[in-house]
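S.K.: Predicted coordinates and the sequence they were generated for:
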Amino acid sequence: ADAHLDANLDCLSRGGRIVVIGEEGPITLDGGLPMAAKQADADLRFMSIVASADDQAAILERVGDRLADGTFSVEIDSIFGLDAVPEALDRLSVSGTLGKVVLDTTL
């Protein structure tokens, strides 16, 4: 997160949200300049996973197992190719989107 936070802030729009999950090191903000420059009403959240590296590996393995056997799934609303980014963004902006809007680089 820390390595990419400035770039993430640069592309954050008004009302946008950045969620950081499980950062290993310190996270620093450069004065919030990109957000302040846009006067964006943004949401920045941090969620810690307090676990050893072995515990984290076990957690990820369990998630992978559940994805593989179908007991845990990700709901996909729609899939777009990179040539349809504007349409994908439009899809995100309408109410009723249930699940992830995916950009597929192979389309």
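M.R.: It's in. Numbers count the residues shown, from 1 in each chain.

S.K.: ok, the closest residue in space to residue 107 that isn't next to it in sequence - contacts?
M.R.: Distance criterion CB to CB, 6 or more residues apart in numbering; nearest residue to residue 107, sequence neighbours excluded, is residue 81 at 3.1 Å. Quick note: C-beta positions are derived from backbone N, CA and C, even for glycine. Contacts for residue 81 (CB atoms under 8 Å, 6 or more residues apart in numbering) come out as 103, 104, 105, 106, 107.

S.K.: Just flag the most distant two among these.
M.R.: For the contacts of residue 81, the farthest-apart pair by CB to CB is 103 and 106; their separation is 10.3 Å.

S.K.: So which of those two has more stuff around it?
M.R.: More crowded of residue 103 and residue 106, by other CB atoms under 10 Å: residue 103, with 13 against 5.

S.K.: per-residue pLDDT, the more buried one?
M.R.: Looking at residue 103, its pLDDT stands at 94.

S.K.: who's in contact with it?
M.R.: Counting by CB under 8 Å, 6+ apart, residue 103 touches 79, 80, 81, 82, 85, 88.

S.K.: go with 7 Å
M.R.: If you count contacts by CB atoms under 7 Å, 6 or more residues apart in numbering, residue 103 has them with 80, 82, 85, 88.
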